[in-house]
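A.B. asks: give me coordinates for this.
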Amino acid sequence: MDARDAPGNDTTDPALADRVRGLMPQLTAELVSLVAIPSVSEHGFPATSRPALLRARDAVAALFRDAGCERVGSLELPDTAPMVTAEIPAPEGAPTVLLYSHYDVVPPGDLSQWHSPPFEPSERDGAIFGRGTADTKSNIMAHVGALRAWDGHPPVGVKVVIEGMEEVGGGAVTTYPPQHPEMFDANVMIIGDMGNVRPGVPTLTVALRGTANVTVEVRTLASAKHSGLYGGAAPDALLALLRALSTLHDERGDVAVEGLRREEWTGAGNTEEEFRGLAEVEDGQPLIGTGNLGSRVWSGPAITVIGIDVPSVDDAVNAVSPYARAKLNLRVHPEQDAADAQAALMRHLASQMPFGIRLEVHPGATGNGFAARTSSAAYDAARGAWSAAWGGQTVTIGAGGSIPLVSALHEAVPAADILLTGATDGYANIHGPNERVLLDEFEKATLAEADLLGRLAAGYGGGHR
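C.D. replies: Just a heads-up that it's a prediction; the model follows:
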């Protein structure tokens, strides 16, 4: 298909759709092969995870080489799984599009919860099941399929960036783009690590919350003391910690820390019934917080106690606790600096003096969120391509999770339009047992991306970089 024949906003070129449909058996088989590689990432890229990650790296490089990419390479950084890079030069006057995804996955978790082995992908009920199918190897394959749909000669320039440590924070990759912006310079970036709010509803993600960790601890005694002899006067470290943690939320469950940004969400989102099902909320239990769900999980802060060091119930003795510690994860408004939000949480905790006991508060890792620029030619093109592929109106959502490299890419190339898309959906059960990608969503995401490349060539006014 010639870029000059790009379809109107509401339709996809039938020839392009036929081309993508014809590619799906091969793309699906290659997805199955890629998912079969147990590319679980670990902090520091240790020897235990290295062989599988390198196998996945090599497989991804081969896929993009086969799809027409040139200068396929491997960016090697200290203690970090290598990043696959590749390029297709831009035709004269055409924009350049960066394609991002990641080949690493999270561990499978409790194997007894899986209906089929997580690294032996199986097809059933119109879906491929396996760890990494949705998060996010199907999105790697959607990139590959979009390039193949143009016979390896898309009407735009292409840069490929596929990392291997997204699930554990990205390692050294997250600081690399701002130091080497020319490597990532592009007019448009397609971040293939998202998907639809629910199957059949074309969706663009326009906001990612940031993240920050904080550890709080308290030590009150040299050692545990008999609760009968000393309880009631000896300062109990666990009681002090619990009292401090209770100040983080008000009686309705809203975050009560001054300085954390929150706004009402105005885009699409889950219904309460959907959210309860997806979160597997037990019958009769309320949701916490006030306001619409989007403002609670996408455009507002959330503080979660993700770990706590206390005596276990099974090993409990009658003693006053001398020491207690908790680790908190703070999710941050997409446009609030994560370090500033972390500082606000630390100030709040440091100001607490439960029973007159001072707390020690320590900062952990931070990562900024992202808010997309939605008033642009690239965004309009994406909305048209997604609406055409699914045959419905494209909606916008946020994401409570973060993609560490996105904020680094935005910092490196602030003028680029960043589009967060993908083949997954809200029911894909990423990071849980029986993760799956629907084959119909996979095909439509591939078609939408291929269509988008044509629309960008035909109508994007960003010029060639």
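A.B. asks: wait, Arg296 touches Gly289, no?
C.D. replies: Yes: with contact defined as CB atoms under 8 Å, Arg296 counts as touching Gly289 (4.6 Å). C-beta here means a position set from N, CA and C on the backbone, and glycine is covered the same way.
A.B. asks: comparing the two, which residue is more hemmed in?
C.D. replies: Remark: of Arg296 and Gly289, Arg296 carries more neighbours, 23 against 18, as counted by other CB atoms under 10 Å.
A.B. asks: could I have stretch 291-309 exported to CSV, CA atoms only?
C.D. replies: Only the C-alpha atoms of stretch 291-309 are listed here, as CSV (Å, rounded to 0.1, in the frame of the first residue of the first chain):
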residue,chain,number,x,y,z
GLY,A,291,-14.4,10.1,44.0
ASN,A,292,-14.5,8.3,40.7
LEU,A,293,-12.4,5.2,40.2
GLY,A,294,-10.1,7.0,37.8
SER,A,295,-9.1,9.6,40.3
ARG,A,296,-8.4,7.0,42.9
VAL,A,297,-6.2,4.7,40.7
TRP,A,298,-5.0,6.9,37.8
SER,A,299,-4.9,10.6,38.7
GLY,A,300,-4.6,10.6,42.4
PRO,A,301,-2.1,9.3,45.0
ALA,A,302,-2.2,5.9,46.6
ILE,A,303,-0.1,4.7,49.5
THR,A,304,0.3,0.9,50.0
VAL,A,305,2.1,-0.9,52.8
ILE,A,306,4.0,-3.4,50.6
GLY,A,307,6.1,-5.0,53.4
ILE,A,308,6.3,-5.0,57.2
ASP,A,309,8.7,-6.5,59.6
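A.B. asks: point out where this structure drops to low pLDDT.
C.D. replies: When residues are selected by pLDDT under 70, those of the chain lie in 1-9, 460-465.
A.B. asks: ok now stretch 267-274, how far from the chain's centre?
C.D. replies: 19 Å (CA atoms, centre = their mean, to the nearest Å).
A.B. asks: how about the nearest residue to Leu111 once chain neighbours are set aside, secondary structure?
C.D. replies: Leaving aside its sequence neighbours, Leu111 sits nearest to Pro118 (CB to CB, 6 or more residues apart in numbering; 7.2 Å). Following DSSP: H, G, I helix; E, B strand; the rest coil, we place Pro118 in the coil state.
A.B. asks: and Pro118, how many neighbours?
C.D. replies: Neighbours of Pro118 (other CB under 10 Å): 24.
A.B. asks: ditto for the one 4 residues further on
C.D. replies: Using other CB under 10 Å, Ser122 has 14 other residues around it.
A.B. asks: pretty sure it sits against Arg131.
C.D. replies: No: under the criterion of CB under 8 Å, Ser122 makes no contact with Arg131, lying 11.9 Å away.
A.B. asks: tell me what the helix or strand hosting Leu147 is packed against?
C.D. replies: Leu147 belongs to helix 138-149 when assigned by DSSP states H and E. In terms of contacts (3 or more CB pairs under 8 Å, 6 or more residues apart in numbering; DSSP states H and E), helix 138-149 is packed against helix 14-35, helix 50-66, strand 96-102, strand 157-163, strand 188-192, helix 439-459.
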